[in-house]
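Participant: Predicted model, plus sequence, below.
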Amino acid sequence: MIQDSEFTGKVVLVTGASQGIGLEICKQFTDLGATVIMVARNLEKLEAARDSIPNNSDVHLFHCDLSVESEIVDLFSKVRERFQQIDVLVNNLGAYSEKVDWNKIDHDLWIKTFETNTLSAYSCMVKAAEIMIEKGIKGAIVNLGSSSALQLKQGRMHYSVSKASVHTLTKVAALDLAKYQIRVNVVSPGPTATEIVQSRMGDPVQVLQEAERLKKIPLGRYAYTSDIANAVVFLSSSKAEFITGAILPVDGGYTIGETS
Ligand SMILES: NC(=O)c1ccc[n+]([C@@H]2O[C@H](COP(=O)([O-])OP(=O)(O)OC[C@H]3O[C@@H](n4cnc5c(N)ncnc54)[C@H](OP(=O)(O)O)[C@@H]3O)[C@@H](O)[C@H]2O)c1
């Protein structure tokens with residue numbers, strides 16, 4: 001069991017933190033004593049998200065666009081100046097994408113998807129690892145992957161490829177950072193009941209599609225955001241000190257196969 005004080009004195013940075021899975025991750029880390037840095041583009045949304053966290057006295061907001069490298073450089077320079085350390089990075093940011101036929105994905109969409117899902121994770125990881133190495137911190141990095149990289153579906157080529165690249169990026173980085181005792185892992189959610197997923201339920205066609213999808217989850221329900229956050233916190237904690245390069249599906253068995 002993780003102690004209530006597991007992250008006391010630790011600085012945790014969570015990207016894509018103003019809603020959904022990212023917000024729940026921030027809530028769990030604040031409950032365990034962490035200084036939490038929440039990052040997203042829209043400051044008003046970030047403020048509302050922070051206000052929804054019960055223990056928010058040590059929660060700090062930074063708004064920037066993480067698909068732009070110069071904004072990432074600026075973010076980590078401010079974090080270094082203000083906090084002097086970073087113990088945990090959660091690359092939660094990931095852009096949901098509508099279905100697009102295999103031959104209709106233009107270069108702009110490929111680039112946007114990779115900038116948001118893959119390159120942002122890479123650049124944040126490099127910047128966080130630089131601080132960890134400089135300060136001798138045996139840190140943890142958790143990247144959010146997706147069942148879409150494991151259970152392939154037509155119409156999601158760009159999203160699946162970008163998330164598969166996050167999985168591979170994680171394994172290679174785990175090798176590169178092992179000599180500094182920095183661990184890098186993936187939590188790979190299956191369908192999760194975030195606000196966005198729930199809002200799609202207003203559309204009758206979507207309701208039917210989601211009902212079909214539900215049948216394919218062996219444990220019989222969507223993930224709660226807390227299911228995903230539990231796994232992220234575990235992999236960031238001392239209880240996972242010998243785990244690196246792992247891809248941990250948190251999907252109720254969705255990517256194993258189908259039940260009959
Ligand atoms: N929900 C699912 O069913 C599911 C399933 C599998 C995997 N995942 C993965 O889990 C992670 C979280 O998913 P989610 O559904 O909770 O996300 P979400 O609800 O779409 O939230 C995305 C967050 O990222 C921020 N954001 C978007 N673009 C940004 C940018 N360019 N720079 C900085 N911040 C940005 C958004 O705030 P702003 O708009 O204000 O920037 C928001 O806080 C993602 O990596 C996703 O791919 C989710």
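Facilitator: Sure, I can see it.
Participant: I37: which element?
Facilitator: strand 35-40 (DSSP states H and E).
Participant: Is there proximity between that strand and the ligand?
Facilitator: Yes - residues of strand 35-40 contacting the ligand under C-beta under 6 Å from any ligand atom: A40. C-beta here means a position set from N, CA and C on the backbone, and glycine is covered the same way.
Participant: For that strand, give the mean pLDDT please.
Facilitator: Averaging pLDDT along strand 35-40 gives 98.
Participant: quick one: strands adjacent to that strand?
Facilitator: When sheet partners are counted by DSSP bridges, strand 35-40 sits next to strand 11-15 (parallel), strand 59-63 (parallel).
Participant: Pull out the buried residues from that strand.
Facilitator: T35, V36, I37, M38, V39, A40 (16 or more other C-beta atoms under 10 Å).
Participant: Okay, the closest residue in space to the last one that isn't next to it in sequence and L235: tell me how far apart.
Facilitator: Distances taken as C-beta to C-beta, 6 or more residues apart in numbering place S18 nearest to A40, at 3.9 Å, with adjacent residues excluded. Using C-beta to C-beta, to the nearest Å, one obtains 22 Å as the distance from S18 to L235.
Participant: swap in G22?
Facilitator: From G22 to L235 the distance is 15 Å (C-beta to C-beta).
Participant: the more surrounded of the two?
Facilitator: Applying other C-beta atoms under 10 Å to G22 and L235 shows that G22 carries more neighbours, namely 27 against 24.
Participant: wait, what's in contact with that one?
Facilitator: G22 sits next to V14, T15, G16, M38, A40, V90, N92, L93 when contact means C-beta atoms under 8 Å, 6 or more residues apart in numbering.
Participant: Equivalent analysis for A246, please.
Facilitator: N185, V186, L235.
Participant: follow-up on the earlier one: what's the distance between the residue nearest to A40 and the ligand?
Facilitator: Distance from S18 to the ligand, counting by C-beta to the nearest ligand atom, to the nearest Å: 4 Å.
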